[in-house]
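[1] Have a look at this prediction, sequence included:
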Amino acid sequence: MTSLDKKGHEGSEEIRGDRAPGADPDADARAVTQAALFDAFGGIRGTLETMLPGLLFVGIYTVNKDLKLSAIAAVAVALVLVVVRLARRDTVKHAFSGVFGVGFGVAFAMVTGNAKDFYLPGMIYGAGLGVAFTVSALVGFPLLGVVLGPIFRENLSWRTRNPGRKAAYTKASLAWGLVFLAKYAILFPLYWWGDTTQLGWVLIALKLPPMVLAVYFTWVFLAKAPPPIDVFAEMEAEEEAERQRKEAAAAARRGEA
């Protein structure tokens, strides 16, 4: 089990109420929230893995202006990261997302012949996420709650049964939306009017700080929110109660016979 998996597992135990006597509830909330965020977004390692192919692409292109060589290097390192994850039996969802992102970027750039287009699919996707996060918060169905609900074992119970968590998810989703939109408000003018190396280096520079900022806001909002309602534990309790009821009814019938 990886360190992230261990954090997620420990977080799930805390959510279910398996806390040591006298444990600090606020500390538990912060720990559970941190574990869930690491699981959902891959932590620093996952973010760095998504940065490395783009960094290699822009580094090689800055030196020799060779689109094909830059593209091959980016795809190769993305695949190596997946192989390393598989060899270590780590979760590969973030590494695979990096491969797909690099693959789309390479395909687009090779078709158009414009090296800047390597970054365009990811930029469109990121801007779309910014719009989705913002709109979902404004309409009262925050996207972050949909993403994190299963990790917290609460699914969508926050929508109708936990208004405090719904408010926290709304604020956090709005924070993600605004951070993403601000980031791409900087990048798209560079795509239109800057050159490939300028765009690439600025994009690399803006990869980690906005993500850290958005995750920090999410952690702040959720750590102060009411605890999640563990709907999985509720379903398990209902199933256990139904099993016991059936066993009692069967025992009663045997006694009557």
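    Sure, I can see it. Numbering: from 1, shown residues only.

[2] sec struct for residue 153, please.
    Secondary structure, DSSP: H, G, I helix; E, B strand; the rest coil: residue 153 is coil.

[3] what separates it from residue 233, distance-wise?
    Residue 153 sits 7 Å away from residue 233, going by C-beta to C-beta, to the nearest Å. (Each C-beta comes from the backbone N, C-alpha and C, glycine too.)

[4] Settle it for me: which of the two has more neighbours?
    residue 153 (20 against 13; other C-beta atoms under 10 Å).

[5] for whichever strand or helix holds residue 242, packing partners?
    Assigned by DSSP states H and E, residue 242 belongs to helix 231-256. Helices and strands touching helix 231-256, as assessed by 3 or more C-beta pairs under 8 Å, 6 or more residues apart in numbering; DSSP states H and E, are absent.

[6] Any idea how far that helix is from the middle of the chain?
    38 Å (C-alpha atoms, centre = their mean, to the nearest Å).

[7] That one - what's its average pLDDT?
    Rounded to a whole number, the mean pLDDT of helix 231-256 is 82.

[8] now stretch 86-98
    When pLDDT is averaged over stretch 86-98, the result is 71.

[9] how long is it end to end?
    Using C-alpha to C-alpha, to the nearest Å, the end-to-end distance of stretch 86-98 comes to 14 Å.

[10] Just the endpoints, please. Distance across stretch 58-69?
    11 Å.

[11] which element is residue 135 on?
    Assigned by DSSP H and E, residue 135 belongs to helix 120-138.

[12] Give me the distance between residue 185 and residue 102.
    Using C-beta to C-beta, one gets 24 Å for the distance from residue 185 to residue 102.

[13] higher neighbour count, the two?
    Counting neighbours by other C-beta under 10 Å for residue 185 and for residue 102 shows that residue 102 has the greater number, 27 against 11.

[14] Could you tell me which residues make contact with the more buried one?
    Listed by C-beta atoms under 8 Å, 6 or more residues apart in numbering, the contact set of residue 102 reads 53, 54, 74, 75, 78.

[15] Could you verify my assumption that the fourth one touches residue 104?
    So the one you mean is residue 75. No - counting by C-beta atoms under 8 Å, residue 104 is not a contact partner of residue 75; they are 10.9 Å apart.

[16] Comparing these two, which residue is more hemmed in?
    Each of residue 75 and residue 104 has its neighbours counted (other C-beta under 10 Å); residue 75 has more, 19 against 16.

[17] I'd like to know which elements the helix or strand hosting the more buried one is packed against.
    Taking DSSP H and E as the criterion, residue 75 maps to helix 67-87. In terms of contacts (3+ C-beta pairs under 8 Å, 6+ apart), helix 67-87 is packed against helix 43-64, helix 93-112.

[18] That one to helix 93-112, inter-axis angle?
    Interaxial angle, helix 67-87 versus helix 93-112 (axes from the mean of the first three to the mean of the last three C-alpha atoms, to 10 degrees): 160 degrees.
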